[in-house]
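Visitor: I would like the atomic coordinates for the input below:
(chains A and B)
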Amino acid sequence: NAGVTQTPKFRILKIGQSMTLQCTQDMNHNYMYWYRQDPGMGLKLIYYSVGAGITDKGEVPNGYNVSRSTTEDFPLRLELAAPSQTSVYFCASSRKTGTGNQPQHFGDGTRLSIL
Amino acid sequence: GENVEQHPSTLSVQEGDSAVIKCTYSDSASNYFPWYKQELGKRPQLIIDIRSNVGEKKDQRIAVTLNKTAKHFSLHITETQPEDSAVYFCAALSGGSYIPTFGRGTSLIVHP
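Guide: Below is the predicted model:
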């Protein structure tokens, strides 16, 4: 299994541009998440999904949108890029089980700079 | 909601020493506590986790202890090595939740 795959790894955007960060997982996990991590800081939840067709806002959703049309894919869309969105973006997934919570598996991240 | 406090924010030790990172949580319903290690420029990766039905779990040089009464759990690393240098995040989840609450992280520096 490849686990959680994110593309691109790096991107530089101009203010006002749009882009989609791709995330796909091959572990058949129900739950998927998008986090941002600013330099030297912790993880802030942007959006999450509990299954195909279901998404919900996290702690810092403004300026972002997501969709979950399949179990595998969970893209993150930036519509009007702003310098404050310069960050490292991590996609994660976890499995739903009847025996309790399971750990999250993270992708390698997308390093995004907005200039 | 859940609140997780993590201390210290920075920990500097000499190679071979032990390191202890402590997290406290507020929600008594939390029952799953993972620890993640994030090396510089890399993704967070699970290193150990513990569920509320056990008090301690070990994996080689790493151990986690849980005190449900006091609502705190700790990561213990023995015989530290330079490759243990990283940021460590604790997290807590309750049985009915799929969104972990993370601590702010501890930067561990192991000096050779």
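
Visitor: B:S30 and A:S94: what is the separation?
Guide: 16 Å (Cβ to Cβ, to the nearest Å). Any C-beta I mention is one placed from the backbone N, CA and C, and that applies to glycine too.

Visitor: following the helix or strand where A:R36 lies, which helix or strand shows up next?
Guide: Under the criterion of DSSP states H and E, A:R36 resides in strand A:31-37. Once the chain leaves strand A:31-37, the next helix or strand it forms, by DSSP H and E, is strand A:44-51.

Visitor: nearest residue to the residue most central in space within chain A in space, please, no chain neighbours.
Guide: By Cα atoms, centre = their mean, chain A has its centre lying nearest to A:W34, at 2.8 Å. In this structure, A:W34 finds its nearest non-sequential neighbour in A:I46, 4.3 Å apart by Cβ to Cβ, 6 or more residues apart in numbering or on different chains.

Visitor: give me the neighbour count for the one you found.
Guide: Residues near A:I46, counting by other Cβ atoms under 10 Å in any protein chain shown, number 24.

Visitor: what's near enough to touch it?
Guide: A:I46 makes contacts with A:34-36, A:58-61, A:64, A:66, A:76, A:89, as judged by Cβ atoms under 8 Å, 6 or more residues apart in numbering or on different chains.

Visitor: how about the secondary structure of the residue of chain A positioned farthest from its centre?
Guide: The C-alpha centroid of chain A is most remote from A:T99, which lies 25.9 Å away (Cα atoms, centre = their mean). Classification of A:T99 using DSSP: H, G, I helix; E, B strand; the rest coil returns coil.

Visitor: and it, how far is that from B:C90?
Guide: For A:T99 relative to B:C90 (Cβ to Cβ), the value is 22 Å.

Visitor: and if you look at A:Y48?
Guide: Counting by Cβ to Cβ - A:Y48 and B:C90 are separated by 20 Å.

Visitor: what are the boundaries of the strands in chain B?
Guide: Assigned by DSSP state E, chain B shows strands spanning B:4-7, B:10-14, B:19-25, B:30-38, B:45-51, B:56-59, B:62-67, B:72-77, B:86-94, B:101-102, B:106-111.

Visitor: and residue 86, what pLDDT?
Guide: Unless you meant another one, I'm taking chain A. Note on A:T86: pLDDT of 97.

Visitor: please refer instead to chain B.
Guide: Looking at B:A86, its pLDDT reads 98.

Visitor: appreciated, that's everything.
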